[in-house]
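> fold the stuff below for me.
(chains A and B)
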Amino acid sequence: MWEYAPAPEARETARLRSSYGMFIDGEFSESSAESLKTVNPATEEVLAEVAVAAPADVDRAVAAARTAYERTWGPMPGAERAKYLFRIARLVQERSRELAVLESLDNGKPIRESRDVDVPLAAAHFFYHAGWADKLAYAVPGRPDPTPLGVAGQVIPWNFPLLMAAWKLAPALAAGNTCVLKPAETTPLTALVLAEICQQADLPPGVVNVLPGAGETGAAVVGHPGVDKVAFTGSTEVGRQIQRTLAGTGRRLTLELGGKAANVVLEDAPMDQAVEGIVNGIFFNQGHVCCAGSRLLVQESVYDDLLGRLKRRLATLRLGDPLDKNTDIGAINSAGQLARIRELSASGDAEGAQRWSPPCPLPDRGFWFPPTLFTGVSQAHRIAREEIFGPVLSVLTFRTPAEAVEKANNTPYGLSAGVWTEKGSRVLWLAQRLRAGVVWANTFNRFDPAAPFGGYKESGFGREGGRHGLEAYLDA
Amino acid sequence: MRKTYKLYVGGAFVRSESGRSYPVRTPDGAFLANAARASRKDVRDAVRAARAAFRAWSAATAYNRGQVLYRVAELMEGRRAQLVAEVAAAEGVPAERAEASVDAAVDRWVWYAGWPDKIAQVFGASNAVAGPYVTFSVPEPAGVVGVLAPRASALLGLVSVVAPVLAAGNACVVVAAPDRPLPGVTLAEVLATADLPGGVVNLLTGHTAELAPWLASHQDVNGLDLTGADVEQRTALEVTAADTVKRIPRVRPGEPDWTADPGTTRLTAFLETKTIWHPAGV
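From the prediction side, this is the model:
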């Protein structure tokens, strides 16, 4: 492994403030209740104090969103709504360095990813959906006159804080809804800067409201009777609770939940590319990805070859300072998540799988977990069934493509899957049979605002992105 | 000769494993027949049959599925007189209204029979992504769907909720209208002779309120149509179904107007969208 001189991004770029308020009705305000401290997971230092929205704040935000829906945003012509969204996209681009550094500080992800993936895709989401705002008559086949739903309550996870905010807000606003967004407890900062961007764009007050907080704030948002539509990205367990909460209310719901994706490598796969795809599939964002390729299914005939290549590649991954441009693997987002990764990995040991990690010194402070793979994994092992949401790969084998399909589909999840083979007909045969909402063939973890994303089975329902994602915010 | 009305599970007409039956009467109270009263075990057998049939039905070409569904409409029309008599008796309506209802049911089936090979083009997409990839999205069936058939419209309502589920490529377990199940059983006889593979439709008769919770909680049921659910039971069913994150389309209170244009809401209710990516390069 070569030595690289450190190449850190300047922390000052993030323009970090000591405290952040919640964003209601176009203004930042302090909490009526308490505040939370958000920490840098790479160092455990407190980054800022953030206001926590109490039920009274949720009431206020929903009321502001309702007023904005009825008086300004709802009646506004789509062409005018579009201009605001285009403007937000431009402002995200203009403040991209600041957002990227802030995201890496708050989340722990490598700056290479926040800079090259999270922030540009967030801008792209606003740009893409801006263009829909005055073309809704073409969004749903056979429904030339769709209407917005009203106030959307949106709860997002900590793994892509800004990007998930964009995924939620952009289609909702394009369709004419107003939003109450709750960012994750451990990563509220970039969503609040996005709120500031909404101010800069002169978005009318109340159209977007951002309420930081933990689970109680999220529950207050999704359970609020003034909310017409709920969109949630997060764990399947919380998704189930939300579906129960909304049972019988007739309010709309879309859920983007957990996954346990199979990444299937056939014997004729392009091996070097497959290795890169496997690494990207499970170690991108420390594996904090709902669609991570966490189950590697390798055809037996190439198992030894592939595993050797994979281990050599893992030995070159650089773990460390998220702000360093050379870093491949950043910090685990929280102590709680680190504990979960450790617990599930320990179950892998206990159930008889073999753990391997490259030599990888971990920093003394902060939350870290080395890139890890388990071999000798059976389908019954917890590490083959449960979502670890960390940099841990479970390797299984198969003999025939039919067996690969059986094993890949043997999960209650169905968010994503990967296929690696040079033969086109095999790509399509497998892609047809894998029960997952996204199939990446000879690539992995690609995202685009024009490409619908979402799960089968217990990975949730509804899509985000593309014409299909827009439908979730329209009464058609 | 009096007819014996059975359950339709896995392509076979069977009695309930519980051995139970219940009397079916006209709205005026006149005895029509005994129908099988399905049990939890029958629900589970039906779900297993549906899952087994789903694989082949969803993998069949859309052209083939369309032809099979059209065949159903042909055979329904062949049984028109029988269906009219059964609908008239079940719903307590004059023959002319029953005729109109049966004719509308045949037309509805024909409308859906034409859909399978158009779904991908109307609801799928080619996605213009910002990179060297070919990306497209295809609609696919959600899997096994539980259908609680409407209470009032014994045939047209039933056809209106079952045909779209099939056209989309799903397999289903249907609970017929509890007080008016007999036209449904005759429809099952049509399905059995129309080249529809056994298990694609499984029709249970009995008490919806008794059977619905087992469909809602079943791990291998992907979606649930609550059209015919007891109003006071709907929320509980949705709560139960949340354990397995089932797809549950919005249902408005009361019996829908089945003579209205069906639109595509039911056709798309149990469709998934699969997005496929592949690099383009040399």
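> and residue B:36, what does it touch?
B:5, B:6, B:7, B:14, B:15, B:16, B:20, B:21, B:205, B:206 (C-beta atoms under 8 Å, 6 or more residues apart in numbering or on different chains). C-beta coordinates here come from the backbone N, C-alpha and C atoms, glycine included.
> could you do residue B:264 as well?
So residue B:264 contacts A:141, A:142, B:122 (C-beta under 8 Å, 6+ apart).
> does residue 13 belong to a helix, a strand or coil?
With no chain named, the answer covers chain A. Following DSSP: H, G, I helix; E, B strand; the rest coil, the label given to residue A:13 is helix.
> oops, chain B please
strand.
> report the contact partners of it.
Counting by C-beta under 8 Å, 6+ apart, residue B:13 has contacts B:6, B:7, B:188, B:189, B:192.
> what's the answer for residue A:72, then?
By C-beta under 8 Å, 6+ apart, the neighbours of residue A:72 are A:204, A:206, A:207.
> that one falls within a strand, correct?
No - assignment of residue A:72 by three-state DSSP gives helix, placing it outside any strand.
> contacting residues for the closest residue to residue B:61 other than its chain neighbours?
Leaving aside its sequence neighbours, residue B:61 sits nearest to residue B:117 (C-beta to C-beta, 6 or more residues apart in numbering or on different chains; 8.0 Å). When contacts are counted by C-beta under 8 Å, 6+ apart, residue B:117 touches B:61, B:62, B:63, B:66.
> could you measure from residue B:100 over to chain A?
According to C-beta to the nearest C-beta, to the nearest Å, residue B:100 stands 25 Å off from chain A.
> ok, how many other residues are close to that residue?
16 (other C-beta atoms under 10 Å in any protein chain shown).
> could you look up the SS state of it?
helix.
> could you do residue B:35 as well?
Residue B:35 ends up strand, using three-state DSSP.
> for whichever residue of the stretch 151-282 of chain B sits closest to chain A, which non-adjacent residue is closest in space?
The nearest approach of the stretch 151-282 of chain B to chain A comes at residue B:235, 2.9 Å away (C-beta to the nearest C-beta). Take residue B:235 and drop its neighbours on the chain: the residue closest to it by C-beta to C-beta, 6+ apart is residue A:248, 2.9 Å away.
> doesn't residue B:234 make contact with the one you found?
Yes - if you go by C-beta atoms under 8 Å, residue A:248 and residue B:234 touch, sitting 6.0 Å apart.
> adjacent strands (with direction) for the helix or strand containing residue A:181?
Secondary structure from DSSP states H and E places residue A:181 in strand A:178-182. Strand A:178-182 pairs in its sheet with strand A:151-155 (parallel), strand A:208-210 (parallel), by DSSP bridges.
> chain B contacts on the stretch 301-450 of chain A?
A:412, A:427, A:431-432, A:435-443, A:446, A:448, A:450 (C-beta under 8 Å from any C-beta of the partner chain).
> show the buried residues in the residues you listed.
Using 16 or more other C-beta atoms under 10 Å in any protein chain shown as the burial test, those include A:427, A:431, A:435-443, A:446, A:448, A:450 as buried.
> just flag the most distant two among the residues you listed.
A:435 and A:450 (23.3 Å; C-beta to C-beta).
> still on that earlier bit, reformat the buried ones among the residues of the stretch 301-450 of chain A next to chain B as TSV; add pLDDT and secondary structure.
Output for these, formatted as TSV (pLDDT from 0 to 100; DSSP: H, G, I helix; E, B strand; the rest coil):
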residue	pLDDT	secondary structure
A:427	98	helix
A:431	98	helix
A:435	98	coil
A:436	98	coil
A:437	98	coil
A:438	98	strand
A:439	98	strand
A:440	98	strand
A:441	98	strand
A:442	98	coil
A:443	98	coil
A:446	98	coil
A:448	98	coil
A:450	98	coil
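> and these, which is closest to residue A:19?
residue A:448 (35.8 Å).
> quick one, what contacts that closest one?
Taking C-beta under 8 Å, 6+ apart, one finds A:121, A:124, A:465, B:127, B:129, B:130, B:131, B:135 in contact with residue A:448.
> would you mark the buried spots in the host helix or strand of the last one?
In this structure, residue B:135 sits in strand B:133-141 according to DSSP H and E. Along strand B:133-141, these residues count as buried under the neighbour rule (16+ other C-beta under 10 Å): B:133, B:135, B:137, B:138, B:139, B:140, B:141.
> do stretch A:202-212 as well
A:203, A:204, A:205, A:206, A:207, A:208, A:209, A:210, A:211, A:212.
> then stretch B:12-23?
Going by 16+ other C-beta under 10 Å, stretch B:12-23 has these buried residues: B:13, B:16, B:17, B:20, B:21, B:22.
> so which of these comes closest to chain A?
For the buried residues of stretch B:12-23, the nearest to chain A is residue B:17 (27.6 Å; C-beta to the nearest C-beta).
> the closest residue to the closest one other than its chain neighbours and chain A, how far apart?
Among residues not flanking residue B:17 along the chain, residue B:41 sits closest, at 4.8 Å (C-beta to C-beta, 6+ apart). As for residue B:41, its distance to chain A is 23 Å (criterion: C-beta to the nearest C-beta).
> distance of the residue of the stretch 101-250 of chain A found nearest chain B from residue B:161?
Taking C-beta to the nearest C-beta, chain B has its nearest neighbour within the stretch 101-250 of chain A at residue A:248, 2.9 Å off. The spacing between residue A:248 and residue B:161, counted by C-beta to C-beta, to the nearest Å, is 20 Å.
> residue A:291 should be in a strand, yeah?
No - applying three-state DSSP, one finds residue A:291 to be coil, outside a strand.
> leaving out sequence neighbours, find the closest residue to it.
That would be residue A:416: by C-beta to C-beta, 6+ apart, it lies 3.7 Å from residue A:291.
> run through the bridge partners of that neighbour.
residue A:438.
> was I right about it contacting residue A:436?
Yes - assessed by C-beta under 8 Å, residue A:416 is found in contact with residue A:436 at 5.3 Å.
> joint contacts of the two?
Common neighbours of residue A:416 and residue A:436, counting by C-beta under 8 Å, 6+ apart, are residue A:261.
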